[in-house]
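S.K.: kindly return the folded structure for what I paste below:
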Amino acid sequence: MEQLIDNLIDNFVSYLELSNYSPRTIETYTSYISRLKGIDDESILAYLNEAKKYSPATRVVMLSALKLFLSVNNISTSITLPKIRVPDNIRDYRLIPPEIILAIDYDNIRDEAIVKTFFYQGIRRSELLRLKWKDIDFDFNEITVYRKRGKKQVLPLHQEVKKALLALRMSDYYHPDRVFPIHPTTAWRIVKKYTGKYPHYLRACFAILVGQKNLPVAQQLLGHSRIDTTMRYVRIHMEQMKEVMQQI
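M.R.: Below you'll find the model as predicted:
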């Protein structure tokens, strides 16, 4: 049984690598799925019970890893696995981790593509709704967005967004011209449904994640003319960290 699990995990890791999952996600998923003692219902139930001991964020990632592991290896179970949405207490955080965005159970590929484009590209709602298929270069991994006052900017296309958009292009949601032919209110409702937040909040998450690594790069990706605007996002996150530290 142990040899079987090892082989299944190896197959799982190979899938993650070939699917261009980030090294961080591969390491996280592998560390959790390695706790699975077998592929029978009893072992799966034990894994789910163990997940209950951890924070809501960790439980979401553990469940996501399990679901993907079972799917990749074509393993069926009679255990009903819960649907993943952003937990209520995580919705109050100023920063949603990327693992949560990956873990969400989206109802369809359009909703997934919208949430991931907001989160991983950091673009505004108006910029997302103006996207056309001709603006996306899948060969060179670039996406052209039209900023305020019609300013055009070419950005790197995130791998998660690329995967979602390629799937969208092959789905019944495909429109020959616009990528997301929806009303602005619909975009807002979709983000609210899965994350409990709004589109610009996901842009703020992007700003924080990138800004903490490289502030000038974040400024360019966000299309800010002044770096002070970008720094405002990072300062907001710093204030949240101070609040948490004072509770220790």
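S.K.: middle-most residue in the protein, spatially?
M.R.: Nearest to the mean C-alpha position of the chain, by CA atoms, centre = their mean, lies residue 101 at 2.9 Å.
S.K.: in which helix or strand would I find it?
M.R.: Applying DSSP states H and E as the criterion places residue 101 in helix 98-103.
S.K.: what do you get for residue 123?
M.R.: According to DSSP H and E, residue 123 maps onto no helix or strand at all.
S.K.: my read is that it contacts residue 145, right?
M.R.: Yes: Residue 123 is in contact with residue 145 according to CB atoms under 8 Å; the separation is 5.4 Å. For every residue, glycine as well, the C-beta is placed using N, CA and C.
S.K.: poorly predicted segments of the chain, please.
M.R.: Along the chain, segments meeting pLDDT under 70 span 1-3, 86-94, 235-248.
S.K.: burial measure for residue 192, as a count.
M.R.: 14 (other CB atoms under 10 Å).
S.K.: quick one: contacts for it?
M.R.: Residue 192 makes contacts with residue 198, as judged by CB atoms under 8 Å, 6 or more residues apart in numbering.
S.K.: angles on the backbone of it, please.
M.R.: With angles defined as degrees, to the nearest 10, residue 192 sits at phi -60, psi -40.
S.K.: and the residue nearest to the residue nearest to the centre of the chain when sequence neighbours are not counted, what element?
M.R.: Closest residue in space to residue 101, ignoring its immediate chain neighbours: residue 119 at 5.0 Å, by CB to CB, 6 or more residues apart in numbering. Assigned by DSSP H and E, residue 119 belongs to helix 109-121.
S.K.: the helix or strand that comes right after that helix: how far from the chain's middle?
M.R.: Scanning forward in sequence from helix 109-121 by DSSP H and E, the next helix or strand is helix 125-129. Put simply, helix 125-129 sits 18 Å off its chain's centre (CA atoms, centre = their mean, to the nearest Å).
S.K.: who touches the following helix or strand past helix 125-129?
M.R.: Sequence order places strand 136-137 as the next helix or strand after helix 125-129, per DSSP H and E. For strand 136-137, the external contacting residues (CB under 8 Å, 6+ apart) are 142, 143, 144, 157, 165, 179.
S.K.: parallel or antiparallel, list what pairs with strand 136-137.
M.R.: Counting by DSSP bridges, the strands paired with strand 136-137 are strand 142-146 (antiparallel).
S.K.: buried ones in the strand it pairs with?
M.R.: Residues of strand 142-146 classed as buried: 143, 145, 146 (neighbour count, 16 or more other CB atoms under 10 Å).
S.K.: my guess is the first one contacts residue 155, does it?
M.R.: Pointing back at residue 143 there. Yes: Residue 143 is in contact with residue 155 according to CB under 8 Å; the separation is 5.3 Å.
S.K.: and for those two, which residues touch both?
M.R.: By CB under 8 Å, 6+ apart, residue 143 and residue 155 have these common neighbours: residue 121.
S.K.: run through the helices of the chain in chain order.
M.R.: Under the criterion DSSP state H, the chain contains helices at 2-18, 23-33, 41-51, 56-72, 88-91, 98-103, 109-121, 125-129, 159-169, 184-195, 199-211, 215-222, 227-246.
S.K.: most tightly packed of these?
M.R.: With neighbours taken as mean count of other CB atoms under 10 Å, the helices of the chain reach their highest mean count in helix 109-121, at a mean of 24.
S.K.: which residues are contacting that helix?
M.R.: By CB under 8 Å, 6+ apart, helix 109-121 touches 96, 98, 101, 104, 106, 123, 125, 128, 131, 143, 145, 155, 157-158, 160-161, 164-165, 167-168, 171, 173, 179-180, 187, 190-191, 193-195, 199, 202-203, 205-206.
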